[in-house]
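Undergrad: model the following, please.
(2 chains)
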Number of protein chains: 2
Amino acid sequence: MTATLPLHAPQTQFASVDGCLQVGGIAVTRLAQRVGSTPFYAYDRALLSGRVAFLRANMPSTLGLHYSIKANPMPALVQHMAALVDGLDVASAGELKVALDTGMQPERISFAGPGKRATELSQAIAAGACVHIESFREIDAVARMGDALGVAPRLALRINPDFELKSSGMRMGGGAKPFGIDAEQAPAALRRIAALGMDCPGLHIFSGSQSLKAEAIMEAQTRTFELAVRLAGEAGQRLRRLNLGGGFGIPYFPGEAALALAPIGAHLAEQMEALARVSPDTCCAIELGRYLVGEAGVYVARVIERKVSRGQTFLVTDGGLHHHLAASGNFGQVIRKNYPVVIGNRMDESERETVSVVGPLCTPLDLLAERMALPRAEEGDLVVLFQSGAYGLTASPAAFLSHPAALEVLV
Amino acid sequence: MTATLPLHAPQTQFASVDGCLQVGGIAVTRLAQRVGSTPFYAYDRALLSGRVAFLRANMPSTLGLHYSIKANPMPALVQHMAALVDGLDVASAGELKVALDTGMQPERISFAGPGKRATELSQAIAAGACVHIESFREIDAVARMGDALGVAPRLALRINPDFELKSSGMRMGGGAKPFGIDAEQAPAALRRIAALGMDCPGLHIFSGSQSLKAEAIMEAQTRTFELAVRLAGEAGQRLRRLNLGGGFGIPYFPGEAALALAPIGAHLAEQMEALARVSPDTCCAIELGRYLVGEAGVYVARVIERKVSRGQTFLVTDGGLHHHLAASGNFGQVIRKNYPVVIGNRMDESERETVSVVGPLCTPLDLLAERMALPRAEEGDLVVLFQSGAYGLTASPAAFLSHPAALEVLV
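TA: Below you'll find the model as predicted:
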């Protein structure tokens, strides 16, 4: 009897040449020499561009595509993405600066997030970016600041919908939430905005993220269109812009498979056509972070030591949870699972041993791979973690135990 | 029928004056003005000193006390601790620099950790610090580097014991581990060190951390003494230094109570007397991080907004998981529980409401308190998280969503 264990989705986006993984067309061993030290993150320009092209090919041509900087705010990467997408979404004044530095037109930059500080709101208005209003407090604040600055604020209203994206990694809509204005309060919010003499042409409805189920995403999108039309109708307002949120996931763990994009595109086309019949001048957009950049990035660490303790083999590397918290299983996961991991300079070796990959930190949490089947690795070899282009370095406690920072390169 | 919910251990270390929490003898509202911005961490010098004194009073007078910098490496705090303790434990070259900068004698600084890089080992030997050997690779490496540097390396052998600290937050001994040399390999390791002409006068046996059960700690200590005597005997070596590890926990969550220190001290005294009969010149030490500094620190964030969504009240603050990952429940916890939290400027108010405290990040993970009973807070009020002196800022993903860094002050 053989039990078939679930496998990781194949990481075919990266080629191998002579047994060595290629990132951005460069052997990872040579890339490590070029970077000068390990660990590092490397993001592949061609894969980023290819991903956007693949998405565009599957989505309606009139659908706007925004990049959510929070997934990866590395300035060179954001600059690359800015040339490919129709807008940038930011979640703080820090991200706003990165977005503006790319030269993206301010009106194509949107700023969402609960708890925006007064200085952040004021900066966004001064920049001419679109502020996604998430509370009644923010309505009054932007009106006041717009007056003070002599600038008419660009606004959209972020809605906490009365439904959620099912089977998603992060449910961000439905129920009581700190994000956005509850759908049932939206008409009052739109009236308040109008009463203060401001224009709010857009709605932003974000129901969840990291879903691998096309059906769940399509269902949430259907409900998003319904809700938007209903809210605009209740407020007696034309709906000029609709941000449908994101939710497109990527496969991280064994047994997970890539999201089926074609049915989502076809469904969106139908929904957008239906919307156009009642609201002909609505521009629709989706905002994606992880889906656009996650699969284009790797995290590379070097084996410092092969260590056998009581029959179990450990590869102790110079990288760990201080650079890649999510891969250690400590960023929102309930049960730790392994990311896809390879030995980047031993891609052709078919013999496998069971090893755990750990980092240099004095904590059992510092685990990059637990009992995985990998080629036998030696000191100096390069451990490569795939699916590391999003929520990697900036989602990690870089100062933990005061180890050197990881570098990031775009290749 | 009334169900009694478990409560947080009282945080009596901080006084309140006129309804305002005092940190370092300063009202937290004034401290916020002095710091100039929120959020911030504040560590209370008097509490740090008092904690060391309390510990000394309960422990045998000849027991050495080391501070593990990893718990909180803020330089001013480490400087304060350096004057109070007998040694500093570091886990990286970065921490070694902080330790040396205090003026602590190098031989009182010990460097432990799996996966020490060659440069780190070399730096530690050059500094004259004590390297805690964790593998056979490190033995050969320090011998080679000592020769190259013309410096006799100071060494101790870190043992992965054949037991673990039961009911601890982090089990770090027993079974297969990347930490230290398996106890059964220790005699061979000591022989190897001697064969290379080096002296290794100490053993370091660390079996776990964050335990609130005195019995479990005492049991682990008994076994630590037994193991040390046995290993020294097997290797035919005098045991001159014994680092017993740490393991002393602090109460974070409802229902947890402070560790009973007196029985541990009495038990250690007995064990040390017994050891002195067979090994009269052994110096014993414990290493503590969290226990020394955790209760002396608070994290302070300001309420940006009071928000009601579908009947649930949220206090949206300018602080969140990017500064305090552990309080959000995302640093090693399987089930999220609330840290002790108060409204620092409303300490006298007895009326309570049930609220959740969240941060400014666009993720449901950004939760500092879930449905806690707190006085009614308004915009501008200060939310204070206790038990935040250890594994706070440096254990958090500071760059996540590019919000401003939290400041740290020692008062």
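
Undergrad: okay, CA-based contacts and neighbour counts for the rest of this
TA: Noted.

Undergrad: which residues does the residue of the stretch 151-300 of chain A found nearest chain B contact?
TA: Closest contact between the stretch 151-300 of chain A and chain B, by CA to the nearest CA, is at A:Ala176 (4.8 Å). By CA atoms under 8 Å, 6 or more residues apart in numbering or on different chains, the contact set of A:Ala176 is B:309-312.

Undergrad: pLDDT below threshold where in chain A?
TA: Applying pLDDT under 70 to chain A flags residues A:1-3, A:168-173.

Undergrad: how many other residues sit next to A:Gly332?
TA: A:Gly332: 19 surrounding residues under other CA atoms under 10 Å in any protein chain shown.

Undergrad: right, I mislabeled it, should have said A:Ala258
TA: If you count neighbours by other CA under 10 Å, A:Ala258 ends up with 16.

Undergrad: looks like it contacts A:Ala9 (just checking).
TA: Yes: applying CA atoms under 8 Å, one finds A:Ala258 in contact with A:Ala9, separated by 7.3 Å.

Undergrad: between these two, what contacts are shared?
TA: Common neighbours of A:Ala258 and A:Ala9 (criterion: CA under 8 Å, 6+ apart): A:Pro251.

Undergrad: how about the residues of the stretch 201-350 of chain A by chain B?
TA: The stretch 201-350 of chain A comes close to chain B at residues A:304-305, A:307, A:309-312, A:314, A:316-318, A:330-332, A:334, as judged by CA under 8 Å from any CA of the partner chain.

Undergrad: filter those residues to the buried ones?
TA: Buried residues within these, counting neighbours by 16 or more other CA atoms under 10 Å in any protein chain shown: A:304-305, A:307, A:309-310, A:314, A:316-318, A:330-332.

Undergrad: what is the most widely separated pair among these?
TA: Taking CA to CA, the two most distant members of those are A:Arg310 and A:Gly332; they sit 31.1 Å apart.

Undergrad: in strands, which of the buried ones among the residues of the stretch 201-350 of chain A next to chain B appear?
TA: The strands, defined by DSSP state E, take in A:304-305, A:307, A:309, A:314, A:316-317 from these.

Undergrad: can I get the residues you listed in a markdown table with distance to B:Ala390?
TA: Shown next, in a markdown table, are those (distance: CA to CA, whole Å):
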| residue | distance to B:Ala390 |
| --- | --- |
| A:Ile304 | 28 |
| A:Glu305 | 29 |
| A:Lys307 | 30 |
| A:Ser309 | 30 |
| A:Phe314 | 28 |
| A:Val316 | 26 |
| A:Thr317 | 25 |
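
Undergrad: what's the closest of these to A:Ile205?
TA: A:Thr317 (42.2 Å).

Undergrad: ok, residues contacting whatever helix or strand A:Arg371 lives in?
TA: Counting by DSSP states H and E, the element that carries A:Arg371 is strand A:367-374. Applying CA under 8 Å, 6+ apart, the external contacts of strand A:367-374 come out as A:320-321, A:327-328, A:337-339, A:341-343, A:351-359.

Undergrad: sheet-wise, list the partners of it with their directions.
TA: Using DSSP bridges, the strands paired with strand A:367-374 in its sheet are strand A:353-358 (antiparallel).

Undergrad: list the buried residues of the partner strand.
TA: A:355-358.

Undergrad: quick check: the gap between A:Gln33 and A:Ala301.
TA: 12 Å (CA to CA, to the nearest Å).

Undergrad: same thing with A:Ser135?
TA: A:Ser135 sits at a distance of 43 Å from A:Ala301 (criterion: CA to CA).

Undergrad: so who does the nearest residue to A:Arg51 once chain neighbours are set aside touch?
TA: Residue nearest to A:Arg51 in three dimensions, not counting chain neighbours: A:Leu292, with 6.2 Å by CA to CA, 6 or more residues apart in numbering or on different chains. Residues counted as contacts of A:Leu292 (CA under 8 Å, 6+ apart) are A:48, A:51-52, A:67.
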